[in-house]
Structure formats: structure tokens, C-alpha cells
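> Coordinates only, no sequence provided:
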């Protein structure tokens, strides 16, 4: 009778250990999945910076866009109001 009791207790302890390992794996997988999603969101983020190569008034966004792409390696560029004038802003993938 005592062997059966010990065997049942051993089976119970093994089951508890398996459940703990399963819980730990589930937590790790959720953490990893969250990091992957976060990383994916970060790659789609766009950072704005005033053009370092443009000087003067920015009246044509097409020219600003072309210069940002060709000279500064930006994803695109556009003219926007800054203060009383308009400046060329370049947009980069962060």
C-alpha cells in the first residue's frame, strides 16, 4: 500500500513540475512575441529632421523631396511652415 501511495505522490509531483515548466514557457513566449511586435512597430516609425542641405525658402515640396532623397538618404521630404517662413524637412525611417 505504501508503494502505491509513493508512486501516486511521485506522479503528482511530476505533473506539478510539468505544469510549472509549461507556465514558464508560456510567459517566455508571450514576452518574445511582444518584443517582435514592438520591433515591427519601431521599423515603421518615421523621424522628422530639418534638412541639413537646404537653404532659404522652401516653396516646392517636390524639390525638397528630391534633395532629401538624393543628398541626405531620407525616405522623403516636404516643405512645412516654420516660424514666419517655410523650411524643408526630411523624413527618415527610425
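Thanks, I have it. Please read these numbers as outputs of a predicted model, since none were measured by experiment.

> Show me what the strand ranked longest in the chain is packed against.
When the chain is parsed with DSSP state E, its longest strand is strand 85-93. Here strand 85-93 touches strand 46-50, helix 61-72, strand 76-82, going by 3 or more Cβ pairs under 8 Å, 6 or more residues apart in numbering; DSSP states H and E. C-beta coordinates here come from the backbone N, C-alpha and C atoms, glycine included.

> out of those, which comes closest to residue 20?
strand 46-50 (43.7 Å; Cβ to Cβ).

> Specify the angle between that closest one and strand 85-93 in degrees.
140 degrees (axes from the mean of the first three to the mean of the last three Cα atoms, to 10 degrees).

> quick one: buried residues of the longest strand of the chain?
86, 87, 88, 89, 90, 91, 92 (16 or more other Cβ atoms under 10 Å).

> for those, which one is nearest residue 69?
For the buried residues of strand 85-93, the nearest to residue 69 is residue 90 (8.5 Å; Cβ to Cβ).

> And that closest one, how far from residue 4?
From residue 90 across to residue 4, the span is 76 Å (Cβ to Cβ, to the nearest Å).

> Also residue 55?
Following Cβ to Cβ, the distance that separates residue 55 from residue 4 is 89 Å.

> Next: residue 60.
88 Å.

> Ok, residue 13 next?
On the measure of Cβ to Cβ, residue 13 and residue 4 end up 15 Å apart.

> The closest residue to residue 79 other than its chain neighbours: neighbour count?
In space, and not counting its chain neighbours, residue 79 is closest to residue 58: 3.7 Å by Cβ to Cβ, 6 or more residues apart in numbering. Using other Cβ atoms under 10 Å, residue 58 has 23 neighbouring residues.

> can I assume residue 58 is in contact with residue 81?
No. Counting by Cβ atoms under 8 Å, residue 58 sits too far from residue 81 to count as a contact (9.5 Å).
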